[in-house]
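> Below is the sequence, then the predicted model.
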Amino acid sequence: MEAIEVLRSHRCSLMASFLEMESTSCGSALTVFAPVDQVLVNRFGDLSLFCRHVALGYLSWSDLTSLKQGKVLMTKLQGFTIEVSRYDGVLVLNGATVLMPKIFQSDWLVVHAKMN
């Protein structure tokens, strides 16, 4: 899958591995907020970590930037949400800055890279 290679090329190989494991069970559109590897290095193997970084539905960069401050996104992990904020015009999700928007986009998946 092309998204996995793109994630690996952007220092998000741990999230790429999670996506590779999950890709066969994905039946709907998803948005992945991929932390860089240095953030996840001690937590690999915790599948709930992947689920906390995947929002249900397809959110392009344009969709994300148009969301209101405080908007809450549902994730694949039941009971865990992502809150949208902005600080000095920078999009922040649960306190993490989005570093590289839209590093991958297809008809069912969009991936944005974030710091933590």
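That came through fine.

> Model confidence for the residue nearest to Tyr58 when sequence neighbours are not counted, exactly?
Nearest residue to Tyr58, sequence neighbours excluded (Cβ to Cβ, 6 or more residues apart in numbering): Ala29, at 3.9 Å. The way it works is simple: take the backbone N, C-alpha and C, and place the C-beta from them, glycine included. At Ala29, the pLDDT value in this model is 88.

> pretty sure Ala29 is in contact with Ser60, am I right?
No - the criterion here is Cβ atoms under 8 Å, and Ala29 misses it with Ser60 at 10.7 Å.

> Centre-most residue in this protein?
Phe33 (1.3 Å; Cα atoms, centre = their mean).

> Which strands or helices does the helix or strand it falls within pack on?
Taking DSSP states H and E as the definition, one finds Phe33 inside strand 30-35. Counting contacts by 3 or more Cβ pairs under 8 Å, 6 or more residues apart in numbering; DSSP states H and E, strand 30-35 packs against helix 13-22, strand 54-56, strand 96-105, strand 109-114.

> returning to what we had before: what about the residue nearest to the centre of the chain, distance to Phe18?
Look at Phe33 and Phe18: by Cβ to Cβ, to the nearest Å, they are 12 Å apart.

> does Gly57 really touch Leu67, like I thought?
No - here Gly57 does not reach Leu67: they are 11.9 Å apart, not a contact under Cβ under 8 Å.

> These two: which is more packed in?
Taking neighbours as other Cβ atoms under 10 Å, Gly57 and Leu67 compare with Leu67 leading, 16 against 12.

> So what's the residue count around Val90?
Residue crowding around Val90 was assessed by other Cβ under 10 Å; the count is 10.

> Pop out the phi and psi values for it.
phi -100, psi 130 (degrees, to the nearest 10).

> who does it bridge with?
Beta-bridge partners of Val90, counted by DSSP bridges, are Tyr87.
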